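Enquirer: could you work out the structure for the sequence below:
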Amino acid sequence: MLISTLWKLLKKSRFNLLDYRAEDALFLQALPLHHKDPFDRMLIAQAKANDMTIMANDSLFRRYDCELI
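Expert: Sure thing, here's the model as predicted:
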């Protein structure tokens, strides 16, 4: 799928794109190091900072104290 197509679909959907803020990054230091994927850790930290649920199918996410779908 082209990025332009994805962008159009996101704009039509109820999904919101979030900027990554310094406040989100502060949650990184409190996360245990269950795995070393920096992008996954950023997603988890952002979700925790904003009291949000993560939609993922990664068994390692279950090791963190976060809401998953």
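
Enquirer: quick one, longest helix in the protein?
Expert: Secondary structure of the chain read by DSSP state H shows that its longest helix is helix 38-49.

Enquirer: run through who's touching that helix.
Expert: Helix 38-49 is contacted from outside by 18, 20-21, 23-28, 31, 35, 52-54, 56, 58, 60-61, 64-67, using Cβ atoms under 8 Å, 6 or more residues apart in numbering. All C-beta atoms are positioned from the backbone trio N, CA, C, and that covers glycine.

Enquirer: mean pLDDT per helix and strand in this protein: which one sits at the bottom?
Expert: Lowest by mean pLDDT, DSSP states H and E among the helices and strands of the chain is helix 3-12, with a mean of 88.

Enquirer: mind listing which of the contacts of helix 38-49 are in helices?
Expert: With helices taken from DSSP H, the overlap with the contacts of helix 38-49 comprises 23-26.

Enquirer: compare those and tell me which is most surrounded.
Expert: With neighbours defined as other Cβ atoms under 10 Å, the most crowded of the ones in helices among the contacts of helix 38-49 is Asp24; it has 19 neighbours.

Enquirer: surely that one meets Asn50?
Expert: Yes: between Asp24 and Asn50 there is a contact under Cβ atoms under 8 Å: 7.2 Å.
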